[in-house]
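1. predicted coordinates and the sequence they were generated for:
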Amino acid sequence: MKDEEGNEKGARRGRKPKDPLVVPNLARKLKAVVQHTLPDLCNWLGHVRDPRDATRTHYGMKKVLWTALLFFLCGARSRRHFRIVSDSPAFLANLNALAEEKKNSVPHPDTVVGTLERIDPTTLASVPSQIVHVLLRKRMLEDSRLQGRYLLVFDATRVLSSTRRHCPHCLVQRHASGGETYYHMVLEAKLVTPGGVALSVETEFVENLGENDPVQDCELKAFYRLAPRVKARFPRTEFCLLLDGLYANDAVLKLCKKNRWGFIITFKQGSIPRGFEGFETLRGLQNENTLTVSHAGETQRLSWVNGLVWEEHRLNVLECALLKDDGQIAKRFVWLTNLDVTRRNAGAIANKGGRCRWTIENQGFNVQKNGESHLEHPFGRQESAWKDLYLLLQVAHALQQLIYWWRALRPVREYLGSFYCFFRTLLEHMRTHAPAADDFVEPAFQLRLDTT
């Protein structure tokens, strides 16, 4: 905006206006990321067993599944909205290029969802972990390690909720008023980085066996099912698990020891019998294990106790207290860990470890629910359909993060200013910038991410 004299208002207030930037074709950049970083993605999608009658199908599985991915990549709010945003020759051309399958039309969203209703979710469950495996093999997340370990968060979120039963496997929440809420939950294992990347590694659906199941499924039971699958997928990868206070129990600690995983668990009063009181007593006797540091504009007082014994476990406890200007405590974090805590690494364990657990909430669940992915919108309510769509959302979210955090696109990210604007621009380029046969393929490159 300008004033009557033609001057930029931002400049008059002392703010420097943004220099104009020519934003590159983000549709082309998306294709480049898929082609050079995840060249097998189309094959993984194409190997999903097609449940349809081959004599009556027009689109292959790669085209159908890529269309579902674009539901989320383009921020479609509903099936009808997707039909509107995909109604352009350029969008069709870009979809053909991504799916490596040339057709003269975009699959109807009802066709996509109808196909997903017949696909077993277990056939898609391995795709997110295959993406993470490629990124680890290419050493794209090395900067995010803590003491040589990748950060892995286990946490659950609610995905469908209704006052009417959705299916026999619904979880039930009974209210004091006498009403009932039927819902589904998903336990996620996500690899996170201090910079804000959150990539799905494995997914476990939290659900009852049947409508009359006397004991409901829960997050902790789902963890005991999910953890062995993570170990089987990544048998030699060193992980440090970031967990909330629910997981501070003997069975979880034994499982971490068996799998040789590190852990940083939120430690609260009452989590372990007499454990928290023991920490506070020992902390008062070990004044040498206290350190005041400055991090990201915060003044932090770090205190720790090593060698706290509980059952057969030898544990360490680290406290991070955020201080006000007058020295009073504004906020307090306490973690239980099997990592050795010293004056040299206490700050890293707190800020690059324990506090990174919230990445799964902020850059994981919150972005998918309240951002452009519309996680809670029921694109398909049939059991197989919503599970398949959830798994495809994890694939789409991984692609979003690869292009958004691509170091070469940092000026574009800073210029557009937000995740929302970035992917609104991607959608516009998908609709208006048709790929040219001679220049759509970019030269080979190494993708580097801003992960710290």
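-> Nice, thanks for sending it over. Residues are numbered from 1 along each chain as shown.

2. state the pLDDT value of E5.
-> According to the model's per-residue confidence, E5 sits at a pLDDT of 44.

3. let me fix that, I meant to ask about L243.
-> Reading off the confidence values, L243 has pLDDT 95.

4. same check on E277?
-> At E277, the model reports a pLDDT of 74.

5. for the longest helix anywhere in the chain, name the packing helices and strands.
-> As far as residue count goes, and with DSSP state H defining each element, the longest helix of the chain is helix 383-404. In terms of contact count using 3 or more CB pairs under 8 Å, 6 or more residues apart in numbering; DSSP states H and E, helix 383-404 is assigned the packing partners helix 26-37, helix 61-73, helix 109-116, helix 126-137, strand 150-162, strand 198-206, helix 367-370, helix 419-432. All C-beta spots, glycine's among them, are computed from the backbone N, C-alpha and C.

6. which stretches in the stretch 201-350 of the chain count as helices?
-> For the stretch 201-350 of the chain, helices defined by DSSP state H, counting those that start in this stretch occupy the ranges 219-233, 250-259, 275-285, 346-351.

7. can you list the ones you listed in a markdown table and add mean neighbour count?
-> Compiled in a markdown table, those are given as follows (neighbours: other CB atoms under 10 Å):
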| stretch | mean neighbour count |
| --- | --- |
| helix 219-233 | 17 |
| helix 250-259 | 16 |
| helix 275-285 | 15 |
| helix 346-351 | 20 |
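
8. show me how the chain divides into domains.
-> 18-122+383-432, 148-366 (automatic domain parsing).

9. nearest to K138, of these?
-> domain 18-122+383-432 (7.4 Å; CB to CB).

10. contact partners for T281?
-> The neighbourhood of T281, defined by CB atoms under 8 Å, 6 or more residues apart in numbering, contains no residues.

11. from L323, how far out is it?
-> With distances defined as CB to CB, to the nearest Å, the gap from T281 to L323 amounts to 22 Å.

12. same check on A54?
-> For A54, the distance to L323 under the criterion CB to CB works out to 67 Å.

13. next one: S129
-> Taking CB to CB as the criterion, S129 is separated from L323 by 41 Å.

14. more crowded one of these two?
-> With neighbours defined as other CB atoms under 10 Å, S129 and L323 compare such that S129 has more, 21 against 15.

15. tell me the secondary structure for V23?
-> Following DSSP: H, G, I helix; E, B strand; the rest coil, we place V23 in the coil state.

16. pretty sure it contacts R413?
-> No - V23 is not in contact with R413 according to CB atoms under 8 Å; the separation is 10.4 Å.

17. neighbour-wise, which of those two wins?
-> Shown here are V23 and R413; by other CB under 10 Å, R413 has more neighbours (18 against 15).

18. that's a helix at that one, yeah?
-> Yes - counting by three-state DSSP, R413 falls inside a helix.

19. make 294 the first number, not 1, from now on.
-> That works, and once the first residue is 294, the last one we named lands at R706.

20. let's see the pLDDT reported for it.
-> Taken from the predicted model, the pLDDT recorded for R706 is 91.
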